[in-house]
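Undergrad: here is a sequence together with a model predicted from it:
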Amino acid sequence: MENPHALLLLSLLLLNLALPSMQQKLDPADLRALASIKNSLTDVPSRRSRASFFSTWDFSSSDPCSSFTGITCSSLGRVTTLTLGTGLTDSPGLAGSLPPSLSDLSELTQLILYPGIVTGPIPTQLGRLVNLRVISLTNNRLTGQVPATLSLLNNLHTLDLSFNRLTGSVPSALTRLPMLKVLILSSNDISGDIPAVVSQLLHLDFSNNKLTGQLPQQLPSTLRYISLASNELLGPISGMDTLSDLVHLDLSMNRFSGALPASLFRTSLPSLMLQRNNLSGWVPLVVPAAEDQPQPPSYGEGSIVDLSHNALTGELSPILAGVESLYLNNNRLIGTVPRAYVKSAYVGTTRTLYLQHNYISKFPVEPGSALPDTVSLCLSYNCMVPPIGLAACPSSAGTELSRPASQCSVFNYG
């Protein structure tokens, strides 16, 4: 009779011998691509950190799928995600350039490059990676244009190329990708017009570039976050009427002109930044409620509205009462501050209220009332007599309490 213990030992031995051959080996094409990537990039030496991203990339003895930092593989031995750099706060990142051989990782779905000093262009060959869903190449020194070939990536969900040195224009087909939800090209040197946006975008950030022209006539109703700050855009603010889900709009530091669209105040945008433009007219005194919303919602905790440094006129609108941080300074506003503003400041709902450098004639304070320590109120350089002091005013407000009487009388604001 055969010894069962001997049979068990023999089975375990055969299983152990078979394990190496059962391990999934990396596809040869992917292995060559990884070797090329390592030859094109290098760790930047740092006295603060000993972390070395490529220290585990040992092609002589390692199985990349199980031991290489920054990659994950499919069950078929293909690289599906590639993260270049450690991402540690004390790491200076990688140097070198991105090789065209990245496109040989044909099953790649995610490509991330952590902050560093990687230079050179973004390989146009990335347009071959039809499975890519995420491209994030931020905070480096990449140059050249945004490759038009990225517009071939119909599965792309997120594209973040911010904080580089990219030039040229935004490829017109890029904003039409059917699956694109997040598009961030901020802090580059990109110029030209904003192309028509027809995809189902949620997040659009082209801030800190050199974009010119006007806003697209219609923006996707799906948008929740828009930042076009610090460009050279002009004309009226348009295309906002259908953006009912918008929670952040930053068009500051451009050359927009014309009136403020009433639709911007219908949904009480939690974050509305329009400062330092050429906007005129006045904030609507009353905003009609939407059909599906009997009462316009009120501003909540953390809300911020900045309309400063424009040419807004008329009396202050009560619809902005309750904004936590409200900046209306450096305009041409007149009249009495609505009591709703005063109450909101004195109960601490509004924590910052800047109204300096206008032509306001009255701030109706109740006798004996005092502002909470948490509230910053600035009313200097208006037409109030007697003026309210400079408490909590920024240094840019100057030291003069009131406007010269001649200014207030000439403009009939007294």
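TA: Structure's in. What do you need?
Undergrad: would you mind listing where this structure has pLDDT under the threshold?
TA: Residues of the chain meeting the criterion pLDDT under 70: 1-24, 49-51, 286-297, 387-391, 410-414.
Undergrad: which stretches of the stretch 151-300 of the chain form helices?
TA: Secondary structure of the stretch 151-300 of the chain (DSSP state H, counting those that start in this stretch): helices at 263-266.
Undergrad: all strands of it, in order?
TA: Using DSSP state E, counting those that start in this stretch, the strands of the stretch 151-300 of the chain run over 158-160, 182-184, 191-192, 203-205, 210-211, 225-227, 234-235, 248-250, 255-258, 271-273, 278-281.
Undergrad: of all the ones you listed, which one is nearest residue 110?
TA: Residue 110 lies closest, by CB to CB, to one member of the strands of the stretch 151-300 of the chain: strand 158-160, at 9.0 Å. C-beta coordinates here come from the backbone N, C-alpha and C atoms, glycine included.
Undergrad: which elements pack onto the closest one?
TA: Where contact means 3 or more CB pairs under 8 Å, 6 or more residues apart in numbering; DSSP states H and E, strand 158-160 is packed against strand 134-137, strand 182-184.
Undergrad: strand partners (parallel or antiparallel) of the shortest one?
TA: On the basis of DSSP bridges, the sheet neighbours of strand 182-184 come out as strand 158-160 (parallel), strand 203-205 (parallel).
Undergrad: can you list contacts of the first one?
TA: Residues from elsewhere that reach strand 158-160, judged by CB atoms under 8 Å, 6 or more residues apart in numbering: 133-138, 150, 174, 180-185.
Undergrad: how about JSON lines for these, with distance to residue 364 and neighbour count added?
TA: Converted to JSON lines, the contacts of strand 158-160 look like this (distance: CB to CB, whole Å; neighbours: other CB atoms under 10 Å):
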{"residue": "133", "distance to residue 364": "56", "neighbour count": "18"}
{"residue": "134", "distance to residue 364": "54", "neighbour count": "17"}
{"residue": "135", "distance to residue 364": "55", "neighbour count": "21"}
{"residue": "136", "distance to residue 364": "52", "neighbour count": "18"}
{"residue": "137", "distance to residue 364": "54", "neighbour count": "23"}
{"residue": "138", "distance to residue 364": "49", "neighbour count": "18"}
{"residue": "150", "distance to residue 364": "57", "neighbour count": "22"}
{"residue": "174", "distance to residue 364": "52", "neighbour count": "21"}
{"residue": "180", "distance to residue 364": "50", "neighbour count": "26"}
{"residue": "181", "distance to residue 364": "47", "neighbour count": "18"}
{"residue": "182", "distance to residue 364": "46", "neighbour count": "17"}
{"residue": "183", "distance to residue 364": "47", "neighbour count": "23"}
{"residue": "184", "distance to residue 364": "45", "neighbour count": "20"}
{"residue": "185", "distance to residue 364": "47", "neighbour count": "22"}
